[in-house]
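Engineer: Got a predicted structure plus its sequence, pasted below:
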Amino acid sequence: MNASIFKRIFSFFIDTIFILAIVVFLFRFIARPMIENSIDNFDTLYASFIEAQDTRFNDVVLVQEDFDAGLISEAEYTERLNEIDETYNANYAEETEAYATFLYTSALYFILSLTLINYLYQGFTRGRTVGRRFAKLRLAGPINWWTLLLREVFWKSIYWVFTLGFGIFIDFILISLTSSRKTIRDYLTKTKVVVEDTLYPI
């Protein structure tokens, strides 16, 4: 019997926590220092960026208080906020660029490392992950590195990223509302997630 949406969500949740823990650990002790070192003078720029954010926030609060108290008009309120933004953009462009680079590179690290570690995790366990074991599920069909590459990398990770997460919703619909309870990746790789005691002829 093909697995229900609830069992698949449960197993996915457990596996995601496990993989994310590894990714965060590697980021904290390896990736983050490497990213920071790749940006010239990052520590100084980051400290200045945080200080500038605090100053900007306090300035905005003061303007908001003056407006709420009726001390300035709406036009003056807008003008002063624009002045704060212009001053910030003029004086802290380098700091903002450094922090944006850090965020972009970190996001790229998380996407790539989650994809890679999940692929290796699925491969070494041959689809019998910790989450599936807890949920008493197994991945049935031709399980090998090639099918897992198609299934877990191209038709899960890359598919979800390029559809901006809409692919997750499509998977949810297919598992919930179709009799086969199979996603696109299940069809394309001739695999499916089944209840552990289900016999599946290959």
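Structural biologist: Received, thanks. Residues are numbered from 1 along each chain as shown.
Engineer: tell me which element the residue nearest to Asn91 when sequence neighbours are not counted falls in.
Structural biologist: Spatial nearest neighbour of Asn91, chain neighbours left out: Ala52 (7.5 Å); criterion: Cβ to Cβ, 6 or more residues apart in numbering. Yep, even glycine has a C-beta here, placed from its N, CA and C like the rest. Assigned by DSSP states H and E, Ala52 belongs to helix 42-68.
Engineer: Which strands and helices lie in contact with that helix?
Structural biologist: Taking 3 or more Cβ pairs under 8 Å, 6 or more residues apart in numbering; DSSP states H and E as contact, the helices and strands that helix 42-68 lies on are helix 32-38, helix 74-91, helix 93-124.
Engineer: List the buried residues of it.
Structural biologist: Buried positions in helix 42-68, judged by neighbour count with 16 or more other Cβ atoms under 10 Å: 42, 45-46, 48-49, 52, 59, 63, 67.
Engineer: Just send the residues you listed back as a markdown table, with distance to Ser179 and pLDDT too.
Structural biologist: Putting the buried residues of helix 42-68 into a markdown table (distance: Cβ to Cβ, whole Å; pLDDT from 0 to 100) gives the following:
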| residue | distance to Ser179 | pLDDT |
| --- | --- | --- |
| Phe42 | 54 | 97 |
| Leu45 | 57 | 97 |
| Tyr46 | 54 | 97 |
| Ser48 | 59 | 97 |
| Phe49 | 54 | 97 |
| Ala52 | 58 | 96 |
| Asp59 | 60 | 97 |
| Val63 | 60 | 97 |
| Phe67 | 59 | 96 |
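Engineer: With distance to Thr115 as extra columns, can I get the residues you listed in CSV?
Structural biologist: Shown next, in CSV, are these (distance: Cβ to Cβ, whole Å):
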residue, distance to Thr115
Phe42, 26
Leu45, 30
Tyr46, 28
Ser48, 34
Phe49, 30
Ala52, 35
Asp59, 42
Val63, 44
Phe67, 47
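Engineer: can you list the weak-confidence ranges in this protein?
Structural biologist: 197-202 (pLDDT under 70).
Engineer: helix, strand or coil for the residue lying farthest from the centre of it?
Structural biologist: Most distant residue from the mean C-alpha position of the chain: Leu71, 44.4 Å away (Cα atoms, centre = their mean). With DSSP: H, G, I helix; E, B strand; the rest coil as the basis, Leu71 sits in coil.
Engineer: where's it relative to Thr78, distance?
Structural biologist: 15 Å (Cβ to Cβ, to the nearest Å).
Engineer: ok, Ser179 - contacts?
Structural biologist: Ser179 sits next to no residue when contact means Cβ atoms under 8 Å, 6 or more residues apart in numbering.
Engineer: again but with Ala93, I slipped
Structural biologist: So Ala93 contacts nothing (Cβ under 8 Å, 6+ apart).
Engineer: how far away is it from Asn41?
Structural biologist: 14 Å.
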